Structure formats: C-alpha cells, structure tokens
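>>> Provided below for reference: sequence and predicted model.
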2 protein chains.
Amino acid sequence: MSVTAPAKITNRLVQLLPADEQHQLLLQCEVVDMQFGQILCEPGQPYPYLYFPLHGFVSLLAPLSGHIPLEMCLMGNEGMLGASLVLGIETAPMQAIVQGKGSAWRIRPEALQTLLEECVQLRRTLQQYLFLQFRQLSQSAACGHFHELPQRLARWYLMSDDRTQCDEFYLTHQFLAGMLGVRRSGVTVAAGKLQKQHLIRYNRGMVHILDHEALRQMSCECYGAGLDDYRNILGIPSTGALLRQSFSTNTP
Amino acid sequence: MSVTAPAKITNRLVQLLPADEQHQLLLQCEVVDMQFGQILCEPGQPYPYLYFPLHGFVSLLAPLSGHIPLEMCLMGNEGMLGASLVLGIETAPMQAIVQGKGSAWRIRPEALQTLLEECVQLRRTLQQYLFLQFRQLSQSAACGHFHELPQRLARWYLMSDDRTQCDEFYLTHQFLAGMLGVRRSGVTVAAGKLQKQHLIRYNRGMVHILDHEALRQMSCECYGAGLDDYRNILGIPSTGALLRQSFSTNTP
DNA sequence: CCTGATCGGTGCTGTAACGCACAGACCCGC
DNA sequence: GCGGGTCTGTGCGTTACAGCACCGATCAGG
C-alpha cells in the first residue's frame, strides 16, 4: 500500500481524523494520478469516485448553456471532492475537473457511505467541509460580480499557489479566462500588469509566484476571507500563507 | 395551537414529512409574523430561530464589504431557513432578510437538533433541501455573471411570484437593485421594458404579474433550471408554474 | 527543417453596465 | 395644504468589460 507517502504529501482533511478512522478510510482508498483536464464528475450524474487530493488541484465548475463553465471552488489537499455525499445524495452538484495534475486517494461512493455510518469524526469533518464550500460558493459569487479582474486574478494565483505548495505551476491565460468567466485577452492584460510589477512571472503557461505579500495586497478581500473561513470552520489553518510560514521555518 | 391553518397556507417541506414527524415538529414550532426587512440571521452568528415560511419570502444574502449584499437564494414556503443545521453547525452561512412579509413556523435550533436525531424523514428532507440550495447557489452565481439584467429581472419577478402565490407583491426598484447587485436606475430601465411589453405592471413598489408565459420566455434558462432542480431533488414540483396550474384547476 | 498548434501581446469597436445628478409624481404626517 | 420622504423616469459622461482580429514567439512532431 502507498499509505506511507512522504509526510508532507497527505490530505489535510484525512489528517484531522483519529488514527483508527484514518486507517479504516485508507484501507478502502487507492492512490491514483489526476491528469490535467480530467473530468472527475458531471452535474446531476452519480460520482464514479470520490477524491482526497494529495497534490495537484481540482475545480468545481457551474456550467451554463452557451458559456464556458464558471469556477465556483478550488480544491487541493485541504479539501475533498464529493463531500456532498454526506447529505445522502449520490449525484454530483457540479462538474469537477483537474486543473493542476497530481495525485489523490480515491474511494468508491458506496464504500464511503458505509464508512460514514461508523466513523463519527469522518462524518463531522465532511459536514464541516461542506459547510465551508457553501461559504466559498457565496463568496465567489459575490466576488465575481463586484470585484475587478486584476484583483480576482491575483486571488486566483494565490489560491492555486497555496494548493500546489511550490510557487510554480502550469496555467495558461486561456484556461484562466474560462475559470474567471472572462476573455483570454482580458487575462493577458491583467496578468501583464502583475508581471510588470514583478509579482509573478510566466511563460507559455508556467507561472512563478515571485511576491506573495504584494500579490495579496493586490488581491481582493475574498482571498483572506477564504483562509479565515477554513480556520474557523475546520479549526486548522488551510494551506495558505500562515501554513507556508510554519512550513518554511521547519524545513531543514 | 395554530397548526390547523387553511390548507393552502402550509410549508411544502413540512408537508413531505410523515404524519408523526409533522406532529412532533409542529409541537415545537410557533407561528410568527415576518416583517418586511426583518433580519433573521447574520453570517457567522448562531441562528436565533429557524423558519419554515408559510407565506411571504426570505432572501439569503452574501455581504461583501463596500457593497450592498448580493442575493444568492430566494426562499418561500417551498423551503426553510436554517437547513445547514443538518450539518451539525449552529452558525448561519449567510445573512437572511425578509423580502416579502408573511408568516412562518419558527423553532429553536436546539429543538430541531433533537428532532433531527429521531426523525429520519425530517433529516432526509433537510439534507435534500440543502443540496438544492447548493445547486441554486452555483446557478445564481453563474447567472449573475453571464446573463443580462432584463433576463435576470424577469427571472426574479417569476421567482417572487411563485413564492407569494398571488401575482401581486411589494418590491421597489431600489430593493431589487440591491438583490441583483446593480444600480437602481438600471432596474428602472429594465423593468420599464417589461412594463411596456405588458408583462408586468407596477406602481410605487406594488408589482402585478400580467403575463407569466411571456415573462418566462423573457427570462433566462435559470428560472426553469431552478424548477427542475426542485422536482428532481425533492420529488415534488416547487411552487412554480406547474404548481400554479394544478392549483388553478382546483380552485372552486 | 518545415509545419501546425499553442501561447501571449496588442489594438480596434461596441456595449452593458457604472456613478452621479436632477426632476416629476406620489404618499404621508403635521 | 404644506413639507419632506419615497418611488420612478431620464440623461450624461465614464469604464470595464465583450467580441473580434491579427501578430510574433515558441514549441512539438514528422
């Protein structure tokens, strides 16, 4: 079994569980790669699998006929895909697609359903995470309506960075445009501004985050609100700036 | 007890419950008036009460500093305020405010928590309704981003009409502007178009729906999607056009 | 090495909103 | 009947996008 992955490569929701529940859960999981662009579920369709990302990240998208699906929620190893199963409903509310390739523990919905009946903390954690998604959804909706592109873009870069945890990831303007529901050339202009100010650097899709702090000041309040929510609801910091600090002081 | 209200004035979620659960629930409820503009809960704060609207309707709003809160979800007697309690979390995810005055059954969160442990169908129904809200949230987010004001406005009038069930309600342009996240004068222009086409008529806040069918054609797909969702998830038609038909054929 | 595809920069025009301001119509209370 | 508040209509300049088009730079494959 690949349970004994490197310490940092794990899933933070699973980490919250007591040892016995972790063990039960991981017995039912298998490690899989997530390919860039892979579609993990479709709205209204049953989940084929549920995923606990280890690295890489996944987007939840809301499709609207005649438009490219709009991103509602970004999910890395601080979250999971399929928390709505805790409501006893087997169909997915939204589309999920892999935005940053990586790996995940995956589990069959039936298996998780069974576990949910026995494991108190697992159920509790999934409930909390679902509540968190609820908050994020409403935050993103308001953000997309009121805030302007450069701010939203900065937020997006920061969120992606938090979830990849390596200051470098692959993301073309074209793709970002889809997520944010704007034109590709709009992204180019906004990203160009950030690059000119040396907050980021990019080339043919590879993005480097150069200055977190300045990027954060450029971004809208929604980024910080997301971090706060995570801490308040789950009781631990998300993979955000706070976590990065504690990590960087711990690295040898 | 005021449980024996007129047959049509009830809550459709409660109606879904078996008789014994209904009885248990209503024993813990009291009937209250909902005043226009009354704030029923605040995001991040515990719910003082939970509400099953009987008539009138309530909005869920997402606040963003520097802006008027944006509406995420509209709730009449087809829904309830506080379904997120089924996740075991006592704080409200969003603000709720009374948009159309009316009445409701209200219950203390602790009382509902207790009932949830015993009543299987109550829990199931609240879970389904929460899932539905999840869908509506993402739909509204995408709608607010891509669709244009006249379409969104038509949708809003239809949704309000469904929830008041009387083709006439009080809603000023100013208020609508807040809900939709646009200027008041923008609403005036859009509503003026609808009035010129004889789809609605309004005067100093009193709105009459004149032509449902035409209004529906004018509205975006999101209106129909909401009705479909309700039927698919809860298994009964919402208080939408379909229901109105069956009602109108039943009235003496 | 050529070819085709992808990525990103740039520049137009068009438009749905914005912010702001003002004025008429109507209602209510003193 | 007067005055103040609310509701609605309207106009103006501004702005952040959309939509479209075209370009060069870079990369991958035969």
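That came in fine, so what should we check first?

>>> so where do the helices sit in the stretch 101-250 of chain A?
A:109-118, A:120-146, A:149-164, A:173-180, A:184-196, A:212-218, A:221-234, A:241-250 (DSSP state H, counting those that start in this stretch).

>>> please identify which of those helices is closest to B:G76.
Checking the helices of the stretch 101-250 of chain A against B:G76 by CB to CB gives helix A:120-146 as the closest, at 19.5 Å. C-betas here are computed from N, CA, C, even on glycine.

>>> report the angle between that closest one and helix A:221-234.
Per axes from the mean of the first three to the mean of the last three CA atoms, to 10 degrees, the angle that helix A:120-146 makes with helix A:221-234 is 160 degrees.

>>> helix A:120-146 vs chain B: in contact?
Yes. Residues of helix A:120-146 are located near chain B by CB under 8 Å from any CB of the partner chain, namely A:124, A:127-128, A:130-131, A:133-135, A:137-146.

>>> that helix versus helix A:149-164: what angle between them?
Using the same axes, to 10 degrees: helix A:120-146 against helix A:149-164 is 160 degrees.

>>> next, the buried residues of helix A:120-146.
Neighbour-count burial for helix A:120-146 flags A:122-146 (criterion: 16 or more other CB atoms under 10 Å in any protein chain shown).

>>> number of nearby residues for A:L199?
Number of residues near A:L199 (other CB atoms under 10 Å in any protein chain shown) recorded here: 22.

>>> residues contacting it?
Contact partners of A:L199, counting by CB atoms under 8 Å, 6 or more residues apart in numbering or on different chains, are A:A154, A:I209, A:L210, A:D211, A:A214, A:L215, A:M218.

>>> sorry, back to before: so can I have a markdown table of the helices of the stretch 101-250 of chain A showing distance to B:P69 and mean pLDDT?
As requested, the helices of the stretch 101-250 of chain A are exported to a markdown table (distance: least, CB to CB, whole Å; pLDDT from 0 to 100):
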| stretch | distance to B:P69 | mean pLDDT |
| --- | --- | --- |
| helix A:109-118 | 34 | 97 |
| helix A:120-146 | 8 | 97 |
| helix A:149-164 | 19 | 95 |
| helix A:173-180 | 22 | 95 |
| helix A:184-196 | 26 | 96 |
| helix A:212-218 | 25 | 94 |
| helix A:221-234 | 14 | 95 |
| helix A:241-250 | 27 | 46 |
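
>>> who wins for proximity to B:K196 among those?
Among the helices of the stretch 101-250 of chain A, the nearest to B:K196 by CB to CB is helix A:120-146 (27.3 Å).

>>> name the residues of chain A found near DNA strand D, please.
A:E148, A:L149, A:G181, A:V182, A:R183, A:S185, A:G186, A:R204 (CB under 7 Å from any atom of the strand).

>>> can you turn the buried part of those into a ChimeraX selection?
Buried subset of those, written as a ChimeraX selection, criterion 16+ other CB under 10 Å:
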select /A:149,181,182,186
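
>>> and chain B, which of the residues of chain A next to DNA strand D reach it?
Restricting the residues of chain A next to DNA strand D to those near chain B - CB under 8 Å from any CB - leaves A:G181.

>>> of all the residues of chain A next to DNA strand D, which comes closest to A:E168?
Once CB to CB is applied, the member of those that ends up nearest A:E168 is A:R204, at 13.1 Å.

>>> for chain B, what's the nearest residue on the stretch 101-250 of chain A?
With CB to the nearest CB as the measure, A:A141 is the residue of the stretch 101-250 of chain A nearest to chain B, at 3.4 Å.

>>> quick one: that residue from B:A177, how far?
17 Å (CB to CB, to the nearest Å).

>>> for A:E221, give me its contacts.
Neighbours of A:E221 in contact, by CB under 8 Å, 6+ apart: B:L64, B:S65.

>>> looking at it, A:A83 is touching A:R124, isn't it?
No. Using CB atoms under 8 Å, A:A83 makes no contact with A:R124, being 11.8 Å away.

>>> rewinding a little: return the members of the contacts of A:L199 classed as buried.
A:A154, A:I209, A:L215, A:M218.

>>> look up phi and psi at the residue lying closest to the first one once chain neighbours are set aside.
Leaving out its chain neighbours, the residue that sits closest to A:A154 by CB to CB, 6 or more residues apart in numbering or on different chains is A:S219, at 3.7 Å. Its backbone dihedrals place A:S219 at phi -80, psi 170, with angles given as degrees, to the nearest 10.

>>> how close does the residue most central in space within chain A sit to chain B?
Nearest to the geometric centre of chain A sits A:M75, at 1.4 Å (CA atoms, centre = their mean). Distance of A:M75 to chain B, computed by CB to the nearest CB, to the nearest Å: 14 Å.

>>> wouldn't that residue be in contact with A:V58 here?
Yes. Counting by CB under 8 Å, A:V58 is a contact partner of A:M75 at 4.7 Å.

>>> now the common contact residues for those two.
Shared contacts of A:M75 and A:V58 (CB under 8 Å, 6+ apart): A:L81, A:A96.

>>> flag every buried residue along stretch A:36-49.
A:L40, A:C41, A:E42, A:P43, A:Y47, A:Y49.

>>> would you list the residues you listed in a markdown table and tack on pLDDT?
What follows is these, written out as a markdown table (pLDDT from 0 to 100):
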| residue | pLDDT |
| --- | --- |
| A:L40 | 97 |
| A:C41 | 97 |
| A:E42 | 97 |
| A:P43 | 96 |
| A:Y47 | 98 |
| A:Y49 | 98 |
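
>>> tell me the one of those nearest DNA strand C?
A:L40 (20.7 Å; CB to the nearest atom of the strand).

>>> which residue packs closest to that closest one, ignoring adjacent ones?
With CB to CB, 6+ apart as the criterion, A:L40 has its nearest non-adjacent residue at 4.3 Å, and that residue is A:A96.

>>> can you tell me how far that neighbour is from DNA strand C?
Computed with CB to the nearest atom of the strand, to the nearest Å, the distance linking A:A96 and DNA strand C is 21 Å.

>>> repeat for A:G88
38 Å.

>>> do the same with A:I209
As judged by CB to the nearest atom of the strand, A:I209 and DNA strand C stand 14 Å apart.

>>> up against chain B, what does the stretch 151-252 of chain A have?
Residues of the stretch 151-252 of chain A lying near chain B (CB under 8 Å from any CB): A:G181, A:E221, A:C222, A:N232, A:I233.

>>> and the fourth one, how many neighbours?
By other CB under 10 Å, 12 other residues sit near A:N232.

>>> that older thread, in the residues of the stretch 151-252 of chain A next to chain B, find the pair that's most separated.
A:G181 and A:N232 (28.0 Å).

>>> chain center to stretch A:149-162: distance?
The chain centroid and the centroid of stretch A:149-162 are separated by 12 Å under CA atoms, centre = their mean, to the nearest Å.

>>> that one near DNA strand C at all?
No. Residues of stretch A:149-162 are not located near DNA strand C by CB under 7 Å from any atom of the strand, the shortest gap being 11.8 Å.

>>> mind saving the C-alpha coords of that stretch as CSV?
Extracted C-alpha coordinates of stretch A:149-162, given in CSV (Å, rounded to 0.1, in the frame of the first residue of the first chain):
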residue,chain,number,x,y,z
LEU,A,149,-10.3,41.3,-13.0
PRO,A,150,-6.8,42.2,-11.7
GLN,A,151,-7.9,41.6,-8.1
ARG,A,152,-9.7,38.4,-8.9
LEU,A,153,-6.8,37.2,-10.9
ALA,A,154,-4.4,37.9,-8.0
ARG,A,155,-6.7,35.9,-5.7
TRP,A,156,-6.7,33.0,-8.1
TYR,A,157,-2.9,32.9,-8.4
LEU,A,158,-2.6,32.9,-4.6
MET,A,159,-5.2,30.1,-4.2
SER,A,160,-3.5,28.0,-6.8
ASP,A,161,-0.2,28.6,-5.2
ASP,A,162,-1.5,27.6,-1.8
